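# Task: produce atomic coordinates for the following.
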Amino acid sequence: MDATRRARLGEVAAVFGQLGWVAFGGPASHVALMEREVVRRRRWLGAEEFGELFAACNLVPGPASTQLALLLGRRRAGWAGLGLAALLFIGPAVLCMLALGELALHLGGRRQVAALLLGVDAAVVAILVRAVVDLSRLGLRRGWTALIGAAACLAGTLGAGPVVVLAGGAAAGVLLLEPAAISRTLRGGGGGGRAPAALLVAGPTVGSGALAPLALAFLKIGAVAVGSGYVLLPLLHAELVGSRFGLTDHQIADAFGVSQATPGPVFATAAYLGVQVAGIPGGLVAAAAIFAPSLVYVPAVDAAATAIRTRPAARAALTGVLAAAV
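Residues are numbered from 1 along each chain as shown. Down below sits the predicted model:
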């Protein structure tokens with residue numbers, strides 16, 4: 001490994017080694033912290049390119065902020081950078097949720113665990129406020145993008161799902177920012193794009209062992225969950241409640257509540273729930289399974305984002321997606 005690659009791996013380690021332990025507040029906070037670190041402080045890339053990468057990560061299933069971390073690691077230091085970013089950004093969250101899941105087993109539930117985290121909750125609110133301000137500056141820099149963002153916010157409030165909101169943002173971006181692309185397409189236009197295929201894995205089968213079915217359940221969730229970490233709730237219910245795993249909606253709500261007061265990806269909730277099913281081994285298996293699809297999606301997102309930069313209409317669509325996501 002040459003000196004340049006080693007230096008870049010050191011930069012990836014410095015950024016995500018820190019963020020993995022301080023990125024409280026969910027995806028909005030994660031992205032704002034990354035933007036501050038890699039755009040404004042270290043200048044790995046420009047604000048516009050960073051916004052396009054984040055928008056592209058919202059177009060595939062999985063935790064968008066985590067996939068952005070992996071993508072930034074890959075852009076900076078290749079495959080080794082991707083692996084290092086994954087380990088350092090996801091690892092602390094998984095360790096915290098494993099420990100808290102085990103503690104909940106011994107204490108009899110989340111309420112006792114939550115009492116230990118009351119002070120963290122108040123700090124998370126302040127972090128989220130700053131994150132919203134930073135992301136608004138990133139994604140709503142033009143008048144039209146502010147309009148798209150307001151419409152997306154209204155649609156979400158009225159109950160529209162994340163896929164609908166993001167698709168609407170993409171369409172509005174093309175209509176408002178690159179209308180000439182519509183006429184070019186109508187005149188006979190360009191080739192169709194290819195969306196990345198989701199990994200569809202069969203659900204758990206009846207059997208004596210818990211770990212393999214647990215892995216399959218969380219692999220499926222990680223492969224199809226589109227949107228923020230909050231879309232996990234119905235998917236977790238469908239896969240884990242009333243099944244061989246013996247989990248209840250109360251346990252899922254407990255896990256989700258604890259995740260709000262710990263750093264890193266909300267998807268690390270899987271580690272807490274895996275512990276409830278099969279102890280620490282179950283937590284490790286569940287965490288590995290739910291994040292595994294992202295390792296497949298990120299290279300595809302990277303290639304797509306690179307290609308999109310040469311297509312004005314596609315860049316306009318990504319601008320709309322970014323405004324809607326923010």
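# Return the set of buried residues in stretch 241-248.
Applying a neighbour-count criterion of 16 or more other C-beta atoms under 10 Å, the buried positions in stretch 241-248 are Arg244, Phe245, Leu247. (Each C-beta comes from the backbone N, C-alpha and C, glycine too.)
# State the pLDDT value of the first one.
The predicted local confidence for Arg244 comes out at a pLDDT of 81.
# for the record, mean pLDDT for the host helix or strand of Tyr272?
Mapping Tyr272 onto the secondary structure by DSSP states H and E places it in helix 269-308. Across helix 269-308, pLDDT averages out at 92.
# Can you list the helices and strands that it packs against?
In terms of contact count using 3 or more C-beta pairs under 8 Å, 6 or more residues apart in numbering; DSSP states H and E, helix 269-308 is assigned the packing partners helix 47-57, helix 64-107, helix 211-224, helix 232-240, helix 249-259, helix 312-325.
# for that helix, which positions count as buried?
Taking 16+ other C-beta under 10 Å as the basis for neighbour counts, the residues of helix 269-308 that come out buried are 269-278, 282-294, 296-298, 301-302, 304-305, 308.
# picking up where we left off before, give me whichever of the helices and strands packed on helix 269-308 is most buried.
Most buried of these, by mean neighbour count (mean count of other C-beta atoms under 10 Å): helix 312-325, with a mean of 26.
# returning to what we had before: nearest to Ser29 among the helices and strands packed on helix 269-308 would be which one?
Closest to Ser29 of the helices and strands packed on helix 269-308 is helix 64-107 (C-beta to C-beta; 8.4 Å).
# ok and the closest one relative to helix 269-308, angle-wise?
When axes from the mean of the first three to the mean of the last three C-alpha atoms, to 10 degrees is applied, the directions of helix 64-107 and helix 269-308 differ by 180 degrees.
# Taking helix 232-240 as reference, get the angle to the helix holding Tyr272.
For the pair helix 269-308 and helix 232-240, the angle between their directions (the same axes, to 10 degrees) equals 120 degrees.
# between the helices and strands packed on helix 269-308, which gets nearest to Met34?
Across the helices and strands packed on helix 269-308, Met34 has its closest neighbour in helix 64-107 (6.4 Å, C-beta to C-beta).
# Which residues are in contact with Leu235?
Under the criterion of C-beta atoms under 8 Å, 6 or more residues apart in numbering, the neighbours of Leu235 are Ile221, Val224, Ala225.
# can you do 10 Å?
In this structure, Leu235 makes contact with Ala217, Phe218, Lys220, Ile221, Gly222, Val224, Ala225, Ile290, judged by C-beta atoms under 10 Å, 6 or more residues apart in numbering.
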